[in-house]
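K.L.:
show me how the following folds:
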Amino acid sequence: MAQQSPTPASPGQQVTVSRDFDVPRELVWKAWTEPGQFAAWFGTPPFRTPPSRVAMDVRPGGEWQATQVSEEDGMELPFVGVYREVVEPERLVFTLENPANRSDPNVELATVTFQDIGGVTRMAFHQVGHLPDGQYLLLEQGYSRFFQRLADHLSSGQDPARVD
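P.N.:
Purely as a prediction, here's the structure:
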């Protein structure tokens, strides 16, 4: 069965955030595809993502999941999806699905590209789907904070095996 990409109902139902990282794109790729590294930056206070709550089968058709946990009250924010395209170290395409109803056809589709610009990596994140228009402005703000955490993680040289 062919997978269909979501078609937004209006031009506002999408978000794009770009960021340059002063590291080789292979390192940015690993931060997106290795559970320990992904956990280090995915979420913003008071939420963090324990490495034990991240699973990634990084191949077309493979599933991914991550659960952010509030350090204040233990509230959980689960994320789930399926990888649609994996071109190492250039491009990831994956879904963001309703974790309470995986059969919901209104999935979000995220595309992340990694461009090598002379040792600097230009990452472009694009998400399109079916959320209310105003939600995408909030997503843009949230993703900007995530990607600042990603920049901090990449510049720290932190061993991802030591992130808890």
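K.L.:
nearest spatial neighbour of residue 51, chain-adjacent residues omitted?
P.N.:
residue 39 (4.2 Å; CB to CB, 6 or more residues apart in numbering). C-betas here are computed from N, CA, C, even on glycine.
K.L.:
surely that neighbour and residue 50 touch.
P.N.:
Yes: using CB atoms under 8 Å, residue 39 is in contact with residue 50, at 6.4 Å.
K.L.:
which one of those two is surrounded by more residues?
P.N.:
residue 39 (23 against 14; other CB atoms under 10 Å).
K.L.:
SS state for the more buried one?
P.N.:
With DSSP: H, G, I helix; E, B strand; the rest coil as the basis, residue 39 sits in helix.
K.L.:
can you point me to the longest strand in this protein?
P.N.:
strand 76-87 (DSSP state E).
K.L.:
buried sites along that one?
P.N.:
Using 16 or more other CB atoms under 10 Å as the test for burial, strand 76-87 gives 79, 80, 81, 82, 83, 84, 86.
K.L.:
for these, which one is nearest residue 129?
P.N.:
Lowest distance from residue 129 to the buried residues of strand 76-87 (CB to CB) belongs to residue 81, with 11.2 Å.
K.L.:
now do the contacts for the residue nearest to that closest one when sequence neighbours are not counted.
P.N.:
Leaving aside its sequence neighbours, residue 81 sits nearest to residue 95 (CB to CB, 6+ apart; 4.0 Å). Taking CB atoms under 8 Å, 6 or more residues apart in numbering, we find residue 95 in contact with 81, 82, 84, 107, 108, 109, 110.
K.L.:
at 7 Å what do you get?
P.N.:
By CB atoms under 7 Å, 6 or more residues apart in numbering, the residues touching residue 95 are 81, 82, 84, 107, 108, 109.
K.L.:
got those residues as JSON lines, with distance to residue 61 and pLDDT columns?
P.N.:
Output for the contacts of residue 95, formatted as JSON lines (distance: CB to CB, whole Å; pLDDT from 0 to 100):
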{"residue": "81", "distance to residue 61": "12", "pLDDT": "97"}
{"residue": "82", "distance to residue 61": "7", "pLDDT": "97"}
{"residue": "84", "distance to residue 61": "8", "pLDDT": "98"}
{"residue": "107", "distance to residue 61": "14", "pLDDT": "93"}
{"residue": "108", "distance to residue 61": "18", "pLDDT": "95"}
{"residue": "109", "distance to residue 61": "15", "pLDDT": "97"}
